[in-house]
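Chemist: Turn this into a structure:
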Amino acid sequence: MNYKESFIKFMVDCGVLTFGEFTLKSGRKAPYFINCGNYKTGAQLAKLGEYYAECIKENDIPADTLFGPAYKGIPLAVSAVVALSNKYGIDVSYCFDRKEAKDHGEGGMFVGKTLRDGERVVIIDDVMTSGKALRESMPKLMTAADVNVTGMVITVDRMEKGTGELSAVQEVKRDFGVIVYPIVTMEDIIDAIKKEIVPGKEYLDKMLEYREKYGVK
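Modeler: Residues are numbered from 1 along each chain as shown. Here you go, the predicted structure:
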């Protein structure tokens, strides 16, 4: 298996990717569901960080600092910087934001690396549904310093239409010029089912129908 196929199996083994009948927040009836909250152990988080690191390395994304939006992005960014150091000998910094600025002690909106002008920042998050995390993060980052956001890494690109004809990933590229790099896409998951790398073949037809109805290229 390549690392994408390995990651899809990892998601299934962790109970993060499941197949069945689900009603999403959007009201759509989906034959699959992704719940990144099911990563719960140290071993799982260490392995997850390696997949993020591999995606960054494979796509040669320039990075000085990995930024994890509070709250879900915090452990993801931490695990990714550890994996980059341990697996590839690449030492980068990390930081994350507070929901509310701290007015005592060290103060400020961010924890971790103090951002500087020109710093190359990669945003780390789980699954992009609407792009809300990036839309909230960009003003905070640009207020802190004149940073260069070189990309965003997420676990899965659902490749679904949002309110219009574009997906959230495509809207982010259009609105902010930021490229989103998914570890895997919905097409990768469908291919993994076809190859029987993961179970779920009984849902394959519904996956393809859902992709046809709501998907983008």
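
Chemist: quick one: average pLDDT of the strand or helix carrying residue 210?
Modeler: Assigned by DSSP states H and E, residue 210 belongs to helix 204-214. Mean pLDDT, helix 204-214: 95.

Chemist: Where does residue 152 sit: helix, strand or coil?
Modeler: strand (DSSP: H, G, I helix; E, B strand; the rest coil).

Chemist: Name the nearest residue to it, ignoring sequence neighbours.
Modeler: residue 123 (4.2 Å; C-beta to C-beta, 6 or more residues apart in numbering). For glycine as for every other residue, the C-beta is placed from the backbone atoms N, C-alpha and C.

Chemist: Report the secondary structure state of that neighbour.
Modeler: On the basis of three-state DSSP, residue 123 is classed as strand.

Chemist: which residue is nearest the centroid of this protein?
Modeler: Nearest to the mean C-alpha position of the chain, by C-alpha atoms, centre = their mean, lies residue 154 at 1.5 Å.

Chemist: That one and residue 180 touch, don't they?
Modeler: Yes. Counting by C-beta atoms under 8 Å, residue 154 touches residue 180, with 6.1 Å between them.

Chemist: Overlap in contacts, those two.
Modeler: Both residue 154 and residue 180 are contacted by residue 128, under the criterion C-beta atoms under 8 Å, 6 or more residues apart in numbering.

Chemist: Which residue ranges of this structure form strands?
Modeler: Assignment of strands within the chain using DSSP state E yields the ranges 17-23, 29-34, 65-68, 93-102, 108-112, 120-124, 148-157, 180-185.

Chemist: Please report the distance of residue 84 from residue 57.
Modeler: 8 Å (C-beta to C-beta, to the nearest Å).

Chemist: Over to residue 192?
Modeler: Counting by C-beta to C-beta, the gap from residue 192 to residue 57 is 21 Å.

Chemist: More neighbours: these two, which one.
Modeler: Per other C-beta atoms under 10 Å, whichever of residue 192 and residue 57 has more neighbours is residue 192, with 23 against 14.

Chemist: Next up, the contacts around the more buried one.
Modeler: 5, 8, 9, 198.

Chemist: What is the neighbour count of the last one?
Modeler: The number of residues packed around residue 198, counting by other C-beta under 10 Å, is 18.

Chemist: okay, the strands of the chain in a markdown table with mean pLDDT and distance to residue 74 next?
Modeler: A markdown table is the format used below for the strands of the chain (pLDDT from 0 to 100; distance: least, C-beta to C-beta, whole Å):
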| stretch | mean pLDDT | distance to residue 74 |
| --- | --- | --- |
| strand 17-23 | 95 | 22 |
| strand 29-34 | 94 | 19 |
| strand 65-68 | 98 | 5 |
| strand 93-102 | 82 | 5 |
| strand 108-112 | 86 | 9 |
| strand 120-124 | 98 | 9 |
| strand 148-157 | 97 | 14 |
| strand 180-185 | 97 | 18 |
